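# Mind looking at a prediction? Sequence and model below.
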Amino acid sequence: MTQASTSPDGHLRGAKARAVILNVNDNEGARYMVSLMLERAGFRVLEAARGLDALTLAEAHVPDLVILDVQLPDIDGFEVCRRLRAGPATASVKVLHTSATFVSLESKIQSLEGGADGYLSQPFEQAELIATCRSLLRLAETERQLRATAATLREEDRRKDELLAMLAHELRNPLSAIAVSLPFIEQGAARTPGESRAREVIRRQTFHLGRLVDGLLDVARVTQGRIPLRFEPVELGHLVGRVADGVRESQMSTRGQSLEVTLPTSRVFVSGDPLRLEQIFSNVLENASKYTPAGGHVSLTVALDSDGNGARVVVKDDGIGIEAESLATIFGLFWQSDVSLDRTAGGLGIGLTLVRRLVELHGGTIEARSGGAGQGSEFELRLPTCAAPVELDEPRVEASAADGDGQGARLLLVEDNRDALESLAELCRLWGFDVVTAATGSAGVMRALETKPDIAVVDIGLPELDGFEVARRLRAAPFGDQIRLVALTGYGAPEQRARALASGFDLHLVKPVAPDRLEKELTNLVQTAHARASSVAS
């Protein structure tokens with residue numbers, strides 16, 4: 001048979017690359033005739049007389065096709081095929097079984113069910129063999145192209161997820177600087193109606209930007225399957241009613257839209273993550289408002305199925321509606337009803353993707369219906385119900401910060417965004433903290449060793465030393481068991497939070513954090529530290 005050199009990927013190469021076929025048959029005459037037919041048709045041929053030899057050759061050269069006789073002296077062709085399929089390098093190699101003995105229907109079924117791609121009974125004509133080989137090789141080439149395309153798509157999808165996560169993080173830094181600057185603007189009463197409106201616009205749009213950034217990060221988590229849920233019994237009517245009140249006040253009232261809410265007379269409980277359920281219903285209601293003209297009407301109904309095993313939440317609007325051809329793709333990532341240049345509806349087209357995935361994670365379904373353009377839309381969510389808890393927890397009342405100030409505690413801020421650092425430092429001074437600052441990780445460690453702060457608020461993405469290493473070094477310092485460490489960062493994934501706590505942080509906050517919440521968290525840390533010190537002293 002023709003000799004040829006092997007390429008780095010194991011395929012035989014001549015002057016022009018040709019398909020490589022491994023011909024396995026212990027009958028020397030039959031093997032010779034098949035190899036001759038293949039070479040006349042232009043194929044490169046390898047030969048083996050035993051099953052184990054065939055496996056060794058296949059592993060070494062990875063042929064495009066194996067023509068495999070069923071009856072072999074050591075292991076039969078069925079076992080050879082099974083082992084080829086089990087090998088990572090040979091799993092996709094096409095296998096054509098041949099036999100002059102095993103020609104029954106049962107043998108052919110055993111062959112194909114065992115992983116072979118074709119079966120020929122001997123004797124066969126050269127034309128039949130060559131046509132079958134070419135058919136299987138075309139199939140193999142198509143599969144190779146599909147695998148290559150799938151690998152490219154997976155890599156592009158991974159890069160897209162990384163880009164979304166990084167974009168969300170990078171957007172949070174300037175957004176945090178804006179958020180912590182707002183209290184300075186609002187310290188005194190507005191001097192004119194225009195100034196009052198400007199303050200409201202800044203406040204509202206900062207909140208809106210924060211929601212968009214959270215959406216970007218959430219969609220990255222969704223596509224990676226990294227959304228953790230904390231299930232507990234949730235009273236559906238109470239939660240939906242609270243969400244409806246919030247959307248009515250924040251979005252619908254400014255557009256003159258009406259919202260009619262119908263809740264069940266009895267309490268309905270579902271098992272779910274309260275924060276994620278709130279996100280689901282907020283997104284659906286906000287979507288209805290976004291695509292409903294000013295002065296339009298939206299209704300929300302919560303009902304229990306007749307069998308009591310499921311709950312339905314239906315949101316209807318009299319807005320722009322959905323074309324029939326779009327109903328099948330409306331839950332796709334970045335889907336937009338309005339893609340015109342005016343972008344009156346706004347948004348990134350990720351809200352409904354998040355909604356569907358979150359609903360599915362809760363064991364439910366969501367369906368969209370519409371009569372077409374101008375006919376309004378209807379979204380129906382179904383969630384399985386659960387038994388009411390034996391004893392409902394009373395709402396927790398957070399302890400208020402004593403006197404609402406930092407009581408002179410020393411606070412170290414480590415942040416490389418200059419605007420965010422300066423704004424946050426001024427804000428913390430207003431709260432009564434003695435503030436020192438640093439713009440790099442190594443500078444933060446040095447300032448901490450010099451000043452021995454009570455609290456250190458540290459960004460994670462820092463130059464020189466990242467926030468995780470800063471926390472570890474501060475914990476190793478002589479005063480490390482006394483300092484309270486707060487991570488204030490744009491990295492908000494669960495694994496990043498876990499890593500922050502493992503590095504020594506007491507608290508992990510995601511930018512942009514509301515100033516009143518930050519003040520409460522910092523003041524609570526001061527109170528806790530003072531209480532601990534008093535306990536030790538006594």
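Arrived safely, thanks for sending. Residues are numbered from 1 along each chain as shown.
# any weak-confidence spans in the protein?
Along the chain, segments meeting pLDDT under 70 span 1-17, 161, 164-165, 168-169, 208, 211-212, 215-227, 332-351, 390-407, 530-538.
# which stretches of this protein form helices?
Ranges of helices within the chain are 28-40, 51-61, 77-86, 105-113, 126-185, 193-223, 236-247, 274-290, 351-361, 418-430, 441-451, 467-476, 494-503, 515-537, based on DSSP state H.
# Spatially, and excluding backbone neighbours, which residue is closest to S99.
Counting by Cβ to Cβ, 6 or more residues apart in numbering, S99 lies nearest to V70, which is 4.1 Å off, once chain neighbours are set aside. (C-beta placed from N, C-alpha, C; glycine too.)
# Report the separation between the one you found and V213.
62 Å (Cβ to Cβ, to the nearest Å).
# what's the answer for D506, then?
25 Å.
# Could you do G115 as well?
Counting by Cβ to Cβ - G115 and V213 are separated by 49 Å.
# of those two, who's got more company?
Neighbour count, other Cβ atoms under 10 Å: between G115 and V213, V213 has more, with 22 against 16.
# coming back round to it: tell me the contacts of the residue nearest to S99?
By Cβ atoms under 8 Å, 6 or more residues apart in numbering, the contact list for V70 reads D76, G77, F78, H97, T98, S99, T101, F102, S107, S111.
# ok, the fifth one touching L68?
Yes - distance between T98 and L68: 7.1 Å, which falls inside the contact criterion (Cβ atoms under 8 Å).
# what residues go with each domain of this structure?
5-124, 158-223, 232-384, 402-537 (automatic domain parsing).
# from the chain's centre, how far out does the shortest one sit?
Domain 158-223 has its C-alpha centroid displaced from the chain centroid by 21 Å (Cα atoms, centre = their mean, to the nearest Å).
# could you measure the residue nearest to A288 when sequence neighbours are not counted against A368, distance?
Nearest residue to A288, sequence neighbours excluded (Cβ to Cβ, 6+ apart): D317, at 4.2 Å. Going from D317 to A368 by Cβ to Cβ gives 12 Å.
# joint contacts of the two?
In contact with both D317 and A368: S377, E378, using Cβ under 8 Å, 6+ apart.
# which one of the two has more residues nearby?
Neighbour count, other Cβ under 10 Å: between D317 and A368, D317 has more, with 26 against 18.
# Show the contacting residues for the more buried one.
D317 neighbours (Cβ under 8 Å, 6+ apart): A288, S289, Y291, T292, G296, H297, V298, S299, G376, S377, E378.
# Over to V510?
Counting by Cβ under 8 Å, 6+ apart, V510 has contacts R172, T489, G490, Y491, G492.
# Then E128?
Counted by Cβ under 8 Å, 6+ apart, E128 has contacts L120.
# I'd like to know how far it sits from K108.
To K108, E128 is 15 Å away according to Cβ to Cβ.
# Next, count neighbours for the closest residue to Y491 other than its chain neighbours.
Spatially, and ignoring its direct neighbours in sequence, Y491 is nearest to I460 (5.2 Å; Cβ to Cβ, 6+ apart). For I460, the neighbour count with other Cβ under 10 Å is 24.
# doesn't S503 make contact with I460?
No - I460 is not in contact with S503 according to Cβ under 8 Å; the separation is 9.3 Å.
# what is in contact with the two at once?
With Cβ under 8 Å, 6+ apart as the test, I460 and S503 both reach G467, F468.
# Which of the contacts of V70 are buried? Put it as a PyMOL command.
Restricted to buried positions by 16 or more other Cβ atoms under 10 Å, the PyMOL selection for the contacts of V70 reads:
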select buried, resi 76+77+78+97+98+99+102+107+111
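# Please identify which of the contacts of V70 is nearest to L55.
Using Cβ to Cβ, G77 comes nearest to L55 of those, at 11.5 Å.
# How about the contacts made by the closest one?
V24, G51, L68, D69, V70, Q71, H97, S99, S111.
# Mind checking which of those are in strands?
V24, L68, D69, H97, S99 (DSSP state E).
# what separates the first one from E519, distance-wise?
When distance is defined by Cβ to Cβ, V24 is 77 Å away from E519.
# Looking at these two now, which is surrounded by more residues?
Each of V24 and E519 has its neighbours counted (other Cβ under 10 Å); V24 has more, 26 against 22.
# Please report how far the closest residue to that one other than its chain neighbours lies from E450.
Once flanking residues are discounted, V24 sits nearest to A54: 4.3 Å by Cβ to Cβ, 6+ apart. Shown here: A54 relative to E450, a distance of 73 Å by Cβ to Cβ.
# quick one, which of these two is more surrounded?
A54 (28 against 10).
# Neighbours of the spatially closest residue to P228 that is not a sequence neighbour, how many?
The spatially closest residue to P228, leaving aside those adjacent along the chain, is P494, at 5.2 Å (Cβ to Cβ, 6+ apart). Neighbour count for P494, taken as other Cβ under 10 Å: 12.
# Kindly report the same for G444.
30.
# so who does the nearest residue to it once chain neighbours are set aside touch?
Take G444 and drop its neighbours on the chain: the residue closest to it by Cβ to Cβ, 6+ apart is V414, 3.5 Å away. For V414, the contacting residues are 437-441, 443-444, 447, 456-459, 462, 467, 470, by Cβ under 8 Å, 6+ apart.
# hmm, 10 Å instead?
421, 436-445, 447-448, 456-460, 462, 465, 467, 470, 474, 488 (Cβ atoms under 10 Å, 6 or more residues apart in numbering).
# and if you look at V261?
So V261 contacts 237, 240-241, 243-245, 248, 285, 298-302 (Cβ under 10 Å, 6+ apart).
# Show me the beta-bridge partners of it.
Beta-bridge pairing for V261 (DSSP bridges): L300.
# Could you check how far it is from T301?
Applying Cβ to Cβ to V261 and T301 gives a distance of 8 Å.
# And E156, by the same measure?
41 Å.
# Check I320 too.
21 Å.
# More neighbours: which of these two?
I320 (20 against 16).
# Surely the more buried one and G374 touch.
Yes - when contacts are counted by Cβ atoms under 10 Å, I320 is listed as touching G374 (6.5 Å).
# Tell me, how many residues neighbour L57?
Counted with other Cβ under 10 Å, residues neighbouring L57 total 17.
# Identify the residues contacting it.
L22, V24, L46, E47, A48, P63, V66.
# Kindly report the same for L229.
L229 touches S271, G272, D273, L275, R276, L277, L358, L361, H362, counting by Cβ under 10 Å, 6+ apart.
# Next, find the distance separating the nearest residue to R497 once chain neighbours are set aside from L427.
Once flanking residues are discounted, R497 sits nearest to H508: 4.5 Å by Cβ to Cβ, 6+ apart. Per Cβ to Cβ, H508 is found 20 Å from L427.
# cool, and P123?
From P123 to L427 the distance is 90 Å (Cβ to Cβ).
# try T142
62 Å.
# Which residue of the two possesses the greater neighbour count?
L427 (20 against 10).
# Hmm, that one is touching I185, no?
No - in this structure, L427 is not within contact of I185 by Cβ under 10 Å, at 11.6 Å.
# For the closest residue to A30 other than its chain neighbours, which residues are in contact?
Closest residue to A30 apart from its sequence neighbours, by Cβ to Cβ, 6+ apart: Q122 at 7.2 Å. Shown in contact with Q122 (Cβ under 10 Å, 6+ apart): N25, N27, A30, V34, D69, T98, S99, A100, T101, V103, L129.
# From the residues you listed, keep the buried residues only.
N25, A30, V34, D69, T98, S99, L129.
# Could you export the residues you listed as TSV, including distance to N309?
Conversion of the buried ones among the contacts of Q122 to TSV gives the following (distance: Cβ to Cβ, whole Å):
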residue	distance to N309
N25	62
A30	65
V34	63
D69	58
T98	57
S99	56
L129	60
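# before we move on, back to that, now, of the contacts of V510, which are buried?
Of these, these count as buried by 16+ other Cβ under 10 Å: R172, T489, G490, Y491, G492.
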